[in-house]
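A.B. asks: sharing a sequence plus its predicted fold:
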Amino acid sequence: MLPLLHPALPLLLGATLTFRILQRGLRRLPLPAHVRTDPLRTWRWHNLLVSFTHSIVSGIWALLCLWQTPEMLVDIETAWSLSGYLLVCFSAGYFIHDTVDIVLSRQARASWEYLVHHVMAMGAFFSGIFWKSFVGGGVLTLLVEVSNIFLTMRMMMKINNAQDLLLYQYAGQRTLGTFLLAVLLMLDMMILIYFSRLLRSDFCPDHVPSQQHKDKFLTE
């Protein structure tokens, strides 16, 4: 189906507007003293707040998607789930919002690397949204949002001139380690799931799923 007529367009529009509304709401929050004295820092603070929210939601969501549909770990092209599809639409909406925000705020030249990243990400996500291919790949790439939670915290503390805080040093040094630990824990959970299926198949044949579930990934 042509993208202009695709039913996913309302999802993309809704996700984009959600982040726009979120940004307006976050602007009502009080600003740190060091931030509110400079318009550029103020804009960047609000931009990072939205990014921080997206990282928390999409990072946790991506982990849940892989927990529910472990096929995505090995079949990034055809593995699909409704939750994963909605996650890709959700994140694409964020990238659309952030791209528009950067351009309208006249920060395109200073933030050109973000624009390049967003365009590449949207191009990859649109494959999953409009043609339902590589949804699993999109979900896997969003695992990086787990580490972005700590990276965004570190950038916000830097803007607030809080580099002397212990949390700033910890976030800077532990971001990659935290991300790798999360991925390893997720893989451990997947292995336990597969192992439990094999045990049920070998020792509890009476509990083998019905025929309609026989095509399930790594089933008994």
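C.D. replies: Sure, I can see it.
A.B. asks: centre-most residue in this protein?
C.D. replies: Taking Cα atoms, centre = their mean as the criterion, S58 is the residue nearest the geometric centre of the chain, at 3.2 Å.
A.B. asks: so that residue: helix, strand or coil?
C.D. replies: helix (DSSP: H, G, I helix; E, B strand; the rest coil).
A.B. asks: what's the answer for I76, then?
C.D. replies: With three-state DSSP as the basis, I76 sits in coil.
A.B. asks: my guess is it contacts G128, does it?
C.D. replies: No: applying Cβ atoms under 8 Å, one finds I76 not in contact with G128, separated by 10.0 Å. No exception for glycine: its C-beta is placed from N, CA and C like everyone else's.
A.B. asks: which neighbours do those two share?
C.D. replies: Listed as contacting both I76 and G128 by Cβ atoms under 8 Å, 6 or more residues apart in numbering are 134, 137.
A.B. asks: between those two, who's got more neighbours?
C.D. replies: Neighbour tally, I76 and G128, criterion other Cβ atoms under 10 Å: the higher count belongs to G128, 25 against 18.
A.B. asks: on that earlier part again, contacting residues around the residue nearest to the centre of the chain?
C.D. replies: S58 neighbours (Cβ under 8 Å, 6+ apart): 87, 90-91, 94, 142, 145.
A.B. asks: nearest to S51, of the residues you listed?
C.D. replies: Using Cβ to Cβ, Y94 comes nearest to S51 of these, at 8.0 Å.
A.B. asks: and for that closest one, the neighbour number?
C.D. replies: By the criterion of other Cβ under 10 Å, Y94 has 25 neighbours.
A.B. asks: going forward can the numbers begin at 52, since that is how I track them
C.D. replies: Got it, first residue is 52 now, which makes that one Y145.
A.B. asks: now it: closest residue in space that isn't a chain neighbour?
C.D. replies: In this structure, Y145 finds its nearest non-sequential neighbour in H105, 4.6 Å apart by Cβ to Cβ, 6 or more residues apart in numbering.
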